[in-house]
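Need coordinates for the below:
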Amino acid sequence: MAKTSAPRDPNICCIPNDITVRASTLLVECGEHGLHAIASKNINAGEIILQCSPLAHSLLVTPGINGDDGDDDKRKRCARCFFRQGRGSSSDQGRMNGLKRCSRCKIVYYCSRSCQAEDWLHHKLECQYYVKRRNIPSAGTMATSAEEDAIPLLLRTFAALVQLMKNSRTDCMKHGEIVSCGSKHFSSLAVSQEYRVPSSITQTSLQNSYAFNLARECMISFASTNNVDSKCDDHAATCVWGYVNANSDNSKERCYATFDSSIQRTLNAFQKNNFGITDTLHAIIGEGVFPSAALLNHSCNPNCILRYELSAPYDGNSNKYHSPILQIVACKDIQKGEELTHSYVDLALPTSERRSRLRLAHGFDCNCTRCSNGCFLRLPDDVTKWALWPLRQKMAPPQTSDYLVDVPLDDAITGKMNITSSTSYNDIIQQSRYFQEEAANCMLEGDTSGETSCLQKAIDLFKDLGHGLSPFNFKLYSIRCSYLSALLANGDIHGAVEQCEHVVSFLAVAFSHVQNHPLLGLQLFTLGDLYSAAADMGTTNFREKALLSYTWARDIMLITHGSTNSMVRSLEENLKRDSE
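The predicted model follows:
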C-alpha cells in the first residue's frame, strides 16, 4: 500500500541517522519533498537494496471472524509468517499437518508452535479484542467500515510499541541483512497536514462505533497491565504512540493531546505509509507497517519494485520462521546518486487516473517524468501494425522494413488517434460496461456461454472504432482480462491464447519504462503454459512459442521474484521439459 512524498517535519523525524548506517546501498537526504533515499553506489537490476521486517503486520482477510471455519480453508494463513494451508513442501517440518487455531480467540491460525510463541506479544492484545467482541451476541453480524477493518493492525501496532517501550528500544536494529525499526521511526511517519496538530483533528464516525470503543478500552487496559505507567490513564496510553505536539512548548503537552487524536493520526499514517503484503502471484494478502521502507518516494517511472519473502526460515533454523520480509529491489540499473523510488499506484493506468488517485489518497500532484509525458516507446509509424507488436518482436525476427517512431506512453494506452468524435468513444465505453455487467450476471447464474458471449461483444465494440483506437487501450485491456479468465474457466485453450497474447502485449507497453514488472512476468508464465497446452493438442509451432514465453518470463521474474522463488524454479523446469 502507499506512502506519501509530502514533506516530513525534520524536527520530529529520526530515521536518517539509523537507516544510513545499516543499509550500504542507500543514503537518506532531505530535499524538496522531504526525506528521500538515494543510491550510495551503482546498483544492478535485480539487486536487493534493503530488507525490512515489519513493526507490525496483519492478514488482510481473517477467516472465521466468528470462530467458525466455514469454507475459509483456502484463505487460512499463519498469522506470523503467512504460511498458507496446503502450500508447504516436504522440507516444512512440523507444518504439513495443517494450521492450528488460537485456542483463545479461535480466529487466527499458526503453522507451528514457534510461530505462535513469536507472535504472542503482537497477538495478545488483538486476541483480547476478538474474545470480547465474540462474547457480544450481535457483534458477529455488525457491519464494518474500512476504518474498522484496520483495527487488528492498529491493535498489533500498539502491542508492538508497548513491547519496544518496555525494552527501551527507539532506534532501528539490524539482524543479519534485515532491518527492524524502533518506536521513534514509527512516530515520524508522514501524515496529512491536519493530523500534525491535535486540535485540528475532527471526530469521525469511527469513534462512535462499538468496535472502536472496544479496541480503545483494550489498548488502555493493555498498557496498564504491561506497566507502561503507574497511572495508566488516557494520557499515559497516548504516550505509547510516541507522537509529539510540535506546537507546544509545555513538556507535559508535548505528548499528543488525547488518545483518540493519536488513533486518528495513526490511521492516517497507515493510509499513507503502510504496504500491501503480496504473495507470489502479486495478490495482496496482508498489510504491514515498514517505517524504513516508507522513506522511498513515489514515481510513475520508478527504478525499484517491492517484493515479499514469506515464511522464510529464521537464521537457517527450519523450525522458526520470519514475519513477512519486505525487499526493495532494483527493477533496472541505478546510478550512484539517483533517487530511489517506487510506484504507489497501478502503472497500467493512464496519467489522468494515476494523478487523480495520488491526489485523493496522498494529497500531492505527481510531476514525475512519466506524468510530464517524458516516457516514450518505439512503435511502427503505421498504427495498423501496433496490435501484438511487442509480442511479435520477441517471438519472431525483427522486421527491418518497419519504420519506428517514438510514441508517448500515454498515447499508446489511451490513443484515439483518428477518432474525430469523443461521443462515439464514450458511447462505446458505456455499451461495453453494459456487456461486462451482463457477463458478471451470467457468471453468477452459472451461464458460462452467456458470460463469454457478452465479453466477446464488449471487445467487438472496440473493433468498430477501427485503427483509430490503439490496440493497447487500457479499457479494452480490462475487458480482455475478464474474457481471458472466463475462457480459462471454460477450458477454451485456443481462445485463451488469443486473449492472453493481447494482455501480454498491453503489459509490455504499459510497463515498458519499468523494464521488469512482476505482472508482466506472471502473465508471460500463463501464456507459456497456454502455448504448451495448445502444443500438446497438436497446434503447430506452439512448442517454440512456449519456450520463448517461458524464457522471457524467467528473465523478468529472476528480478521481480528472485532466483529462489518457487515459480521461478517451476519456470526452469518447464524450460527444461519443453526443450527436450
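
Identify all contacting residues around the helix or strand where Asp578 lies.
Under the criterion of DSSP states H and E, Asp578 resides in helix 566-579. Applying C-beta atoms under 8 Å, 6 or more residues apart in numbering, the contact partners of helix 566-579 are 280, 522, 525, 528-529, 532, 535, 543, 546-547, 550-551, 553-554, 557-558, 561-562. Heads up, the C-betas are built off the backbone N, CA and C, glycines and all.

Just the buried ones from the residues you listed?
280, 522, 525, 528-529, 532, 535, 546-547, 550-551, 553-554, 557-558, 561-562 (16 or more other C-beta atoms under 10 Å).

how close does Leu484 sit to Ile459?
11 Å (C-beta to C-beta, to the nearest Å).

Pick out whichever of these two has more residues nearby.
Neighbours of Leu484 and Ile459, each counted by other C-beta atoms under 10 Å, are more numerous for Leu484; the result is 25 against 17.

how about that one, what does it touch?
By C-beta under 8 Å, 6+ apart, the neighbours of Leu484 are Ala496, Gln499, Cys500, Val503.

State the pLDDT value of it.
For Leu484, the model assigns a pLDDT of 97.

Distance of the residue located most distally from the centre of the chain relative to Lys394?
Going by C-alpha atoms, centre = their mean, the residue of the chain most distant from its centre is Ser401, 41.7 Å out. Remark: distance between Ser401 and Lys394 (C-beta to C-beta) = 18 Å.

try Pro54
Separation of Pro54 from Lys394 (C-beta to C-beta): 38 Å.

and what of Gln85?
Using C-beta to C-beta, Gln85 is found at 37 Å from Lys394.

what are the ranges of the strands in the stretch 51-200 of the chain?
Here the stretch 51-200 of the chain has its strands, by DSSP state E, counting those that start in this stretch, at 56-59, 100-101, 109-110, 173-175, 178-180.

Present those as JSON lines; the columns should include mean pLDDT.
Shown next, in JSON lines, are those (pLDDT from 0 to 100):
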{"stretch": "strand 56-59", "mean pLDDT": "95"}
{"stretch": "strand 100-101", "mean pLDDT": "90"}
{"stretch": "strand 109-110", "mean pLDDT": "94"}
{"stretch": "strand 173-175", "mean pLDDT": "77"}
{"stretch": "strand 178-180", "mean pLDDT": "86"}
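
which one of those lies closest to Tyr344?
strand 56-59 (18.9 Å; C-beta to C-beta).

So which residue is dead centre in the chain?
Short answer for the chain (C-alpha atoms, centre = their mean): Gly276, at 3.8 Å.

that's a strand at that residue, yeah?
Yes. Per DSSP: H, G, I helix; E, B strand; the rest coil, Gly276 lies within a strand segment.

Give the bridge partners for it, please.
Legend: beta-bridge partners of Gly276 under DSSP bridges are Glu287.

Surely it is in contact with Glu287?
Yes. Judged on C-beta atoms under 8 Å, Gly276 makes contact with Glu287 at a distance of 6.1 Å.

quick one on the thing from earlier: between Pro54 and Lys394, tell me which one has more neighbours.
Using other C-beta under 10 Å, the more surrounded residue of Pro54 and Lys394 is Pro54, with 29 against 16.

surely the more buried one meets Phe290?
Yes. With contact defined as C-beta under 8 Å, Pro54 counts as touching Phe290 (5.5 Å).

Give me the common contacts of these two.
Residues touching both Pro54 and Phe290 (C-beta under 8 Å, 6+ apart): Leu326.

In the stretch 101-250 of the chain, where is pLDDT below threshold?
Scanning the stretch 101-250 of the chain for pLDDT under 70 picks out 137-147, 195-207, 227-234, 244-250.

try 80
135-148, 168-176, 184, 190-209, 226-237, 244-250 (pLDDT under 80).

And the helices in it, which stretches?
For the stretch 101-250 of the chain, the helices defined by DSSP state H, counting those that start in this stretch occupy 113-134, 146-149, 151-166, 183-187, 210-225, 234-238.

Columns distance to Gly337 and mean neighbour count on top of those helices, output as JSON lines?
Shown next, in JSON lines, are these (distance: least, C-beta to C-beta, whole Å; neighbours: other C-beta atoms under 10 Å):
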{"stretch": "helix 113-134", "distance to Gly337": "38", "mean neighbour count": "20"}
{"stretch": "helix 146-149", "distance to Gly337": "40", "mean neighbour count": "16"}
{"stretch": "helix 151-166", "distance to Gly337": "34", "mean neighbour count": "22"}
{"stretch": "helix 183-187", "distance to Gly337": "25", "mean neighbour count": "24"}
{"stretch": "helix 210-225", "distance to Gly337": "44", "mean neighbour count": "18"}
{"stretch": "helix 234-238", "distance to Gly337": "41", "mean neighbour count": "19"}
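
who does Ile305 bridge with?
Val329.

Which pLDDT value belongs to it?
Per-residue confidence at Ile305 stands at 97 (pLDDT).

Thought His342 was touching it, still the case?
Yes. Counting by C-beta under 8 Å, Ile305 does reach His342; the two are 6.2 Å apart.

picking that back up, for the helix holding Asp578, give the mean pLDDT please.
90.

sorry, back to before: CSV please, covering the contacts of Leu484 and showing distance to Tyr210.
Formatted as CSV, those follow (distance: C-beta to C-beta, whole Å):
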residue, distance to Tyr210
Ala496, 47
Gln499, 47
Cys500, 47
Val503, 44
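
Just give me the closest of these to Arg169.
Val503 (47.2 Å).

Give the burial count for Asp447, as a bare number.
Residues lying near Asp447 (other C-beta under 10 Å) number 15.

Could you name every residue contacting both of Leu484 and Ile459?
Contacts common to Leu484 and Ile459, judged by C-beta under 8 Å, 6+ apart, are absent.

secondary structure class for Asn319?
Assigned with three-state DSSP, Asn319 falls in the strand class.

Distance-wise, check Met395 relative to Ala553.
Using C-beta to C-beta, we find Met395 at a distance of 13 Å from Ala553.

just Asp119 next, same as before
Distance of Asp119 to Ala553, computed by C-beta to C-beta: 35 Å.

next one: Leu161
Taking C-beta to C-beta, one finds Leu161 at 42 Å from Ala553.

Repeat that for Ser343.
As for Ser343, its distance to Ala553 is 21 Å (criterion: C-beta to C-beta).

same deal with Asp279?
Taking C-beta to C-beta, one finds Asp279 at 17 Å from Ala553.

Can you give the distance from stretch 507-524 to the centre of its chain?
The chain centre lies 16 Å from the centre of stretch 507-524; the measure is C-alpha atoms, centre = their mean, to the nearest Å.

Now the terminal residues of it, how far apart.
This stretch, stretch 507-524, spans 10 Å end to end (C-alpha to C-alpha, to the nearest Å).

Quick check: buried residues in it?
507-514, 516-524.

Restricted to helices, list those residues.
Among the buried residues of stretch 507-524, the members falling in helices (DSSP state H) are Leu507, Ala508, Val509, Ala510, Pro518, Leu519, Leu520, Gly521, Leu522, Gln523, Leu524.
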